[in-house]
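Engineer: Sharing a model that was predicted from the sequence below.
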Amino acid sequence: MSDYKFILTQIKKAIHNYQMIMPHDFVAVGLSGGKDSMGLLYLLHELQIHSHLNFRLCAIHLDYGWGNEDELSLLKDFALSMNIPCYIEKINYPAERAVSCSVCARVRRGALLKKAQNLGVNKLALAHHLDDAVQTVLLNLTDGGRFRSFKPTIAYPEQNLTLIRPLIYVNESSLIRLKDEQHLPIIPSHCPLGECTNRSNAAQLLSALEKTQPHIKQKILHALEHLEADDAWVK
């Protein structure tokens, strides 16, 4: 099975298991321009065409003013090549205010939710994948002593919005191959913090674990999905 078909199968599984997308939903993809979000937009468009789900699709890009106009044009052109409207939302967030990954993530999520609500969107899709989820587990274990990660879906009833992560079952390596196979355009990250050191350490730990446990990511995600209070202690 090709990466394209395999990833679509995994997305369909996530959508079914967590009821992420229903007929007549209006879905916005948070489009950063990296391989993950560009891949998600491409794949949801394919799902829109080839599945029974009758949903609308758009993209939202947050412009911090750190990039350039050519990159914004690339994003718009990529979306419009699939007849998907792409909304560029300029936000006032100077680079010197970027003090940590977690702070930036909260700023980004808040801005995306606000724009999505203004557009009448009811589902906001983010491109966090399986590696992100498992790395977050390792970060929480090593830094906070808790076994937890982000949820595949988060409801915001006061805004009539649900945040969804359709790539929750998808390996990052599959998304890299998809980018190469489908020649997906990407724009470089302009994050002033560079790569998150803690997350990079978690990725290295995960890579080491995979050498002896090839399916460790799927097993950790399975544990997250089925964790009960009684599971914490061996009787």
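Structural biologist: Arrived safely. This structure is a prediction, so every number in the text was calculated from the model and none was measured.
Engineer: Show the contacting residues for the residue positioned nearest the centre of the chain.
Structural biologist: Centre of the chain computed as the mean C-alpha position; nearest residue by C-alpha atoms, centre = their mean is residue 127, 1.5 Å away. Applying C-beta atoms under 8 Å, 6 or more residues apart in numbering to residue 127 gives the contacts 29, 30, 32, 34, 36, 37, 39, 40, 165, 167. For glycine as for every other residue, the C-beta is placed from the backbone atoms N, C-alpha and C.
Engineer: and the gap between it and residue 38?
Structural biologist: Between residue 127 and residue 38 the distance is 8 Å, computed by C-beta to C-beta, to the nearest Å.
Engineer: Please apply the same query to residue 163.
Structural biologist: With distances taken as C-beta to C-beta, residue 163 is found 19 Å from residue 38.
Engineer: Which one's more surrounded, the two?
Structural biologist: Per other C-beta atoms under 10 Å, whichever of residue 163 and residue 38 has more neighbours is residue 38, with 27 against 21.
Engineer: May I have the secondary structure class of the more buried one?
Structural biologist: Counting by DSSP: H, G, I helix; E, B strand; the rest coil, the backbone at residue 38 sits in helix.
Engineer: What is the subsequent helix or strand relative to the longest helix along the chain?
Structural biologist: Ranked by residue count under DSSP state H, the longest helix found in the chain is helix 101-119. Along the chain past helix 101-119, the next helix or strand (assigned with DSSP states H and E) turns out to be strand 123-125.
Engineer: Run through the neighbouring helices and strands of that following strand.
Structural biologist: Helices and strands touching strand 123-125, by 3 or more C-beta pairs under 8 Å, 6 or more residues apart in numbering; DSSP states H and E, are strand 26-30, helix 101-119, strand 161-164.
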